[in-house]
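Enquirer: below: sequence and its predicted model.
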Amino acid sequence: MNAAQLNRVTAEGFAYYRDGLMALLLDAVAHGASVGFLADIDVQQANSYLDEVKQRLVSGELLLWVVGKDKEVLGSVQLGLCLKLNGLKRAEVQKLLVHSEARRRGLGQQLMQALEATARQKQRSTLYLDTEAGSGAEAFYQSLGYIKAGEIPDYACGPDGTYRPTALYYKLL
């Protein structure tokens, strides 16, 4: 079996990975990830979201990486570039997702290393993110050197509709 490959996805190459990204998103929500969708997410909602991702790739405000085998996407991460003149050194880590059957294999770390390397190349020295407070993701981000800046109570609801706090993290590259 071929090893998983890491690729940066461009707007031109997005269509190749679209079905895999959809499957990954649906798996993440089904397994409780608080990534902006409720448990009743349907294909139409997922397609609308993926249309937005592609538009953000086209505009240059978003970078996207996937790790997988051929069209099967086992993980992905996004980097939202601030395009405001007073924020050109910052970027937001968004939607780090690893398929439920591919966790604990280093794919998340591989994705984050690629993201951070590109952030450095693009002179984005301040990275920030939010994640569900108390989740396993907190320990993961801390292991990568991200520093907790605080929490916001009742920030977003998970797929089950229950509002949960979010933890804010940053890292200076």
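Expert: The structure has been received and is ready for your questions. What you see is a predicted model, and the numbers here were worked out from it, not measured in a lab.

Enquirer: when you work out contacts or count neighbours from here on, use the C-alpha atoms and nothing else.
Expert: Fine.

Enquirer: mind listing what the residue lying closest to Ala4 once chain neighbours are set aside touches?
Expert: Closest residue to Ala4 in three dimensions, ignoring its sequence neighbours and counting by Cα to Cα, 6 or more residues apart in numbering: Gly68, at 4.6 Å. By Cα atoms under 8 Å, 6 or more residues apart in numbering, Gly68 lies in contact with 4-6, 74-75.

Enquirer: tell me how far Ala11 lies from Val93.
Expert: 19 Å (Cα to Cα, to the nearest Å).

Enquirer: which one's more surrounded, the two?
Expert: Val93 (20 against 17; other Cα atoms under 10 Å).

Enquirer: what about the more buried one, distance to Val43?
Expert: 25 Å.

Enquirer: let me see the contact set for Asn47.
Expert: Met22.

Enquirer: remind me which helix or strand it belongs to.
Expert: helix 43-59 (DSSP states H and E).

Enquirer: with Ala137 instead?
Expert: Assigned by DSSP H and E, Ala137 falls in helix 136-143.
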